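> Just to be clear, the model below is a prediction. Sequence and coordinates:
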Amino acid sequence: MTLVEEVGRIYGDVGLGLFHVLLAQPIERGDYLTILDESHGPVLCQLDDLKRKSDLDIDGADQLGHGTATSIHEALLGVARIVGYRDGQGLVKLPTVPFRPGAQVFRSEEPLIADVLGLKHRAGSAYVGLLRNHDLKIELDINQLVQRHVSVLAKTGGGKSYLLGVLIEELLRHKVTCVIIDPHGEYGSLRFAAEKNPAMAKFGVESQGFGGRLHEFSPDVSLNKNAQPLTFSLRHLDTRDLLIFMGLTNIKSFLAPMKGLLESAAATNADFTIQDLVRLAQRAEGPAMETLLERLEYVEQTKLLAPQGTKLDEIVHKGDATLINLRGVAPDVQEIVVARIANTLFDNRKKEKIPPLFLVIEEAHNYCPQQGIAGSSRILKNIASEGRKFGLGLCVVTQRAARIDKSVLSQCTTQLILQVTNPLDLKAIAQSIEGLTAGMTDMIQSLPVGVALITGGGYHTPLFCEVRPRATRHGGESVRIVEN
């Protein structure tokens, strides 16, 4: 194999994982390099860190500041990570003998990059963008997304809702059933095709809307006018489920009094309502009953419980996406809705009454927090740990990785990470991802908008991806306060 563009030489001590490069020309951190190994041929590497070293000291800098000419000797130094090579069986392996100091370092060519990274078209994959600085498509294995869970992480304004929109477009194209918890009402824009723009040609994307395959429900249809009413049936809730729905965490303390209320109401009227339970609780006495009355009155105000709730087959449409629009809904009511939806989906998926599906939780740190208690935490933890066994995939989306439950985040083996700058969030990300180097963690802090670090999804090494344009209209733009 002939390599034509030499960019530097290996120097210093050489390890089996990392080595130092004296660079003869500028390249970017994250670029791919090739070393011709004596035993294995071309080996793919990646520049993990970069610095410019010089002999300019304080006195020399002071002389320059006063206009005095002084010579500066400098060198561009890099630290590279070995990615590997493909052996005769097609497996990616690392050399077992370190490279020789003084060995030539070449800029990698795309055929080698594609071969070692596994960048090839695969049936049943989601096209999310191009490898940074290359014309190579990154396509995520959809089976792995659904079976092993996903997280989308970014700081506020980092582009996480845009990237999630790209992912949902791909799932809809492949007829994957989705249910999306949408706290801000952002994803209704998936109905509409995006306006054409020059970037679409570069990425090979065409405008497309999914209006006929998007279903929307909300507890507040007065605010969210495109949605159908979302209610839950009181008669289909057993005692424990009703207590969970009411936001009570100490279930055992309230089981007996709640069961008594339900039996009394059913004895009077088989089609009893939440108002009937409130009246019965008002006539009863005791501390437990006072708590039940308070929670029952609150649930009555939410209007979430009705004689006939929204049917499951109205929410879950095979091959389509359903939005649970919670815009304008109080946070504690949102927790109730998320808990009930997630419980119902999980129970029915275990019984195979609904098709395999992908449950997306936006602002997930509010529904399964690391600290504090949310009514939806327990079921989301259960889905994260057990959902893959039953074909219920989970996607958690958050701007605060440090605030989401670590057991949930650690179960997400595919992670899509945009720019993150908060030190606590960076620490949480680094702890949850295998194979993330210090250089990659540093790069996450300075990622430009539209570039994501992708781990998992069918790839053995993290990849930097230029996210493709949306085919649908983006619904997550910030509100303009002052017009230019």
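Received the coordinates, thanks.
> give me the beta-bridge partners of the residue nearest the centre of the chain?
The residue lying closest to the centre of the chain (C-alpha atoms, centre = their mean) is residue 152, at 1.8 Å. When bridges are called by DSSP bridges, residue 152 pairs up with residue 397, residue 416.
> List the residues that contact it.
160, 163-164, 167, 395-398, 415-416, 418 (C-beta atoms under 8 Å, 6 or more residues apart in numbering). Every residue, glycine included, has its C-beta placed from N, CA and C.
> is it true that residue 14 touches residue 105?
No - contact criterion C-beta atoms under 8 Å: residue 14 and residue 105 do not qualify, at 11.7 Å.
> and these two? which has more neighbours close in?
Legend: neighbour count by other C-beta atoms under 10 Å for residue 14 and residue 105, higher for residue 105 (27 against 16).
> That one pairs with what?
Beta-bridge partners, per DSSP bridges, of residue 105: residue 8.
> Now do the same contact list for it.
By C-beta under 8 Å, 6+ apart, the contact list for residue 105 reads 6-10, 21, 23, 33-35, 45, 80.
> For it, give its distance to residue 39.
According to C-beta to C-beta, to the nearest Å, residue 105 and residue 39 sit 17 Å apart.
> Next: residue 76.
29 Å.
> So which of the two has more stuff around it?
residue 76 (17 against 9).
> ok so, going back, going by distance to residue 241, which of the contacts of residue 152 wins?
Of all the contacts of residue 152, residue 396 has the smallest distance to residue 241: 23.5 Å, by C-beta to C-beta.
> What about residue 107, how many residues nearby?
16.
> now residue 92
By the criterion of other C-beta under 10 Å, residue 92 has 16 neighbours.
> Tell me the spacing between the most far-flung residue of the chain relative to its centre and residue 74.
Farthest-out residue of the chain from its mean C-alpha position, per C-alpha atoms, centre = their mean: residue 68, at 54.2 Å. Remark: distance between residue 68 and residue 74 (C-beta to C-beta) = 18 Å.
> One more: residue 445?
Counting by C-beta to C-beta - residue 445 and residue 74 are separated by 25 Å.
> I'd assumed residue 327 was in contact with residue 181.
No - Residue 181 lies out of contact with residue 327 (C-beta under 8 Å); the separation is 11.5 Å.
> what's near enough to touch residue 399?
153-156, 158, 160, 363, 365.
> 10 Å instead?
Counting by C-beta atoms under 10 Å, 6 or more residues apart in numbering, residue 399 touches 152-158, 160-161, 362-365, 418, 420, 422, 425.
> and what of residue 171?
Contacts for residue 171 (C-beta under 10 Å, 6+ apart) come out as 126, 142, 145-146, 177-178, 319, 321, 357-358, 360, 393, 395.
> Pull out the buried positions in the strand or helix carrying it.
Taking DSSP states H and E as the criterion, residue 171 maps to helix 160-173. Residues of helix 160-173 classed as buried: 160-172 (neighbour count, 16 or more other C-beta atoms under 10 Å).
> Repeat that for stretch 218-230.
Buried-residue list, stretch 218-230, by 16+ other C-beta under 10 Å: 218-220, 224, 227, 230.
> Let me have those in CSV, extended by distance to residue 260.
Listed next are the buried residues of stretch 218-230 as CSV, based on distance: C-beta to C-beta, whole Å:
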residue, distance to residue 260
218, 34
219, 29
220, 33
224, 37
227, 36
230, 29
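> ok, the residues you listed vs residue 337, which is closest?
Nearest to residue 337 among the buried residues of stretch 218-230, with distances taken as C-beta to C-beta, is residue 219, at 6.2 Å.
> ok, that closest one touching residue 328?
Yes - the criterion here is C-beta atoms under 10 Å, and residue 219 meets it with residue 328 at 9.1 Å.
> who touches both of the two?
In contact with both residue 219 and residue 328: no residue, using C-beta under 10 Å, 6+ apart.
> before we move on, back to that, find residues that contact each of residue 14 and residue 105.
Contacts common to residue 14 and residue 105, judged by C-beta under 10 Å, 6+ apart, are residue 99.
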